[in-house]
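**Q** Below is the sequence, then the predicted model.
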Amino acid sequence: MAFLELRQVAFTYPGWPPVVQGVDWTLPEGEFHCLVGRSGCGKTTWLKLAAGLLQPDAGELRLQGQALTGPTPSMGFVFQSPTLLNWLSVQDNVLLPIRLHRPVQDADVARAQALLAQMGLTPWLTQSPARLSGGQQSRVAIARALVTEPALLLMDEPFAALDAITREELQDDLAQLCQNRRTSVLFVTHDMTEAVMLADRVAVMSCGRVVADVPVP
């Protein structure tokens, strides 16, 4: 059974041409899929549909066999900007998704610290994110997305603003973390090289449609 599935999904913003048109797409459990396309082709809208943040005009979305009607606790998100809170420490930023739903427990703190250690950020646990570089802030954002141990990670061009060396380091970190945890990933990018490096499979989008969907050797 597919972990995440889009069946003939279509979406149009009021007053605009169709943004997503008749998309059929499947993400098996534990796989890393990249969605590639030019700016404005509908990638981010597809991601929002897959996250349950938008509802399709036609077609259906299913997560683990159930109709997807909104975001679920099994999802983690990483956006183009790290969107960290500078008045919280690095560790507290990572723990924020948990704190919003329930009191933080010792096991949560240990998990956050382990993730930050894997990211090489232990010396900055108590620091404000404002003191970190762009690459370090992106690492904090990834740790924050993974601290709840999500089954599905949705990422919208999270490394686009970083320099090439930092981007490659983060790509390696992300691939290793997701592989170790068997996390299913939908990663949006406009960089084909990045997609091929990260993905088990790459879907190419143009004018709201999937024009190619191929495995990465």
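**A** Looks like it came in fine. Residues are numbered from 1 along each chain as shown.
**Q** Could you list every helix and strand in contact with the biggest helix by length in the chain?
**A** Counting residues, the longest helix found in the chain (DSSP state H) is helix 164-181. Using 3 or more CB pairs under 8 Å, 6 or more residues apart in numbering; DSSP states H and E, the elements in contact with helix 164-181 are strand 32-36, helix 106-118, helix 134-146, helix 192-198. Where you see a C-beta, it was placed from the backbone N, CA and C, and this is true even at glycine.
**Q** now those as CSV including mean pLDDT, distance to Glu169 and mean neighbour count?
**A** Formatted as CSV, these follow (pLDDT from 0 to 100; distance: least, CB to CB, whole Å; neighbours: other CB atoms under 10 Å):
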stretch, mean pLDDT, distance to Glu169, mean neighbour count
strand 32-36, 96, 17, 24
helix 106-118, 94, 13, 16
helix 134-146, 92, 7, 23
helix 192-198, 93, 12, 17
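**Q** Make CSV out of these and add distance to Leu61.
**A** Below are the helices and strands packed on helix 164-181 laid out as CSV (distance: least, CB to CB, whole Å):
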stretch, distance to Leu61
strand 32-36, 15
helix 106-118, 29
helix 134-146, 20
helix 192-198, 22
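**Q** Not counting the longest helix of the chain itself, show me its contacts.
**A** Helix 164-181 is contacted from outside by 32, 115, 118-119, 133-135, 138-139, 142, 146, 149, 153, 158-159, 162, 183, 185, 194, 197-198, using CB atoms under 8 Å, 6 or more residues apart in numbering.
**Q** What ranges in the chain fall below the confidence cut-off?
**A** Judged against pLDDT under 70, the low-scoring parts of the chain cover residues 1.
**Q** Can you give me the domain boundaries for it?
**A** For the chain, the structural domains run 1-74+154-217, 85-149, going by automatic domain parsing.
**Q** Does the nearest residue to Leu6 once chain neighbours are set aside belong to a helix, a strand or coil?
**A** When the adjacent residues along the chain are set aside, Leu6 lies closest to Trp25, with 4.6 Å between them (CB to CB, 6 or more residues apart in numbering). With DSSP: H, G, I helix; E, B strand; the rest coil as the basis, Trp25 sits in strand.
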